[in-house]
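> how would this look folded up:
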Amino acid sequence: MFNFLTISKKEADLRLKVLNASLWFEWEASLFLSWLLDIDLNSSTALGNSAGALSFKNKIDLLTDMNSMSKATATKFQKFAEIRNKLMHVKAASDLAKTLEMTKSANWLLNTYPQDKTLKVEKQLEKALDLLIDDIDQDLRKTMLSLNNKVKIEMERDIYEEELMKIAQENKKLKRLLNLYTVMRPFSVPNPTENMGNKRPK
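Coordinates of the predicted model:
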């Protein structure tokens, strides 16, 4: 009979916390991509659970390449993914200090989320990891909200233009102005949600 690895409750709790966060983040990333690309998430091969599906890192890289996620958020994802991979696949990664020694990201984590230096190092790392997980979740929600607001603005603008075009059918001068505006719009109308990516919601 196979002898399963025996680990402490603290180690099990750490691995379970990171696994749960990873599952949630990947689902959010898949949902975000399906929304952006107009793909049915339930039947998608690339975003689903099949062997040929995109990896967690692939999804984050794709969101970054599409300028739908800031590089700062992508860096947080990358660091989290490195921690997650060690905890899920390496037996020796039994606590955060050992795990972050393998990923060489302890300094980054504590510099990004400073902790009380009087605490034990492991406790500092645990608190910083909790903040990283919360930060990633908030960044994802903020990004999706920003996209949702952009879509609403685009829809409202399209409806407004459609109504103006109906009125313009009886006014040739107004129609010419609206046609000119439609051609020039991509170069003259700023994106109302641009540069929001690095602001945390209060």
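> look up how far T143 lies from the closest residue to I39 other than its chain neighbours.
In this structure, I39 finds its nearest non-sequential neighbour in L47, 6.2 Å apart by CB to CB, 6 or more residues apart in numbering. Quick note: C-beta positions are derived from backbone N, CA and C, even for glycine. Using CB to CB, to the nearest Å, L47 is found at 17 Å from T143.
> repeat that for Y113.
Going from Y113 to T143 by CB to CB gives 20 Å.
> the protein: helices as residue ranges?
Using DSSP state H, the helices assigned to the chain run over residues 9-37, 56-65, 71-89, 96-103, 106-112, 121-168, 172-188.
> let's have those in JSON lines, adding distance to S43 and mean neighbour count.
Supplementary listing: the helices of the chain in JSON lines, determined by distance: least, CB to CB, whole Å; neighbours: other CB atoms under 10 Å:
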{"stretch": "helix 9-37", "distance to S43": "10", "mean neighbour count": "16"}
{"stretch": "helix 56-65", "distance to S43": "17", "mean neighbour count": "18"}
{"stretch": "helix 71-89", "distance to S43": "26", "mean neighbour count": "18"}
{"stretch": "helix 96-103", "distance to S43": "35", "mean neighbour count": "19"}
{"stretch": "helix 106-112", "distance to S43": "38", "mean neighbour count": "15"}
{"stretch": "helix 121-168", "distance to S43": "21", "mean neighbour count": "15"}
{"stretch": "helix 172-188", "distance to S43": "33", "mean neighbour count": "11"}
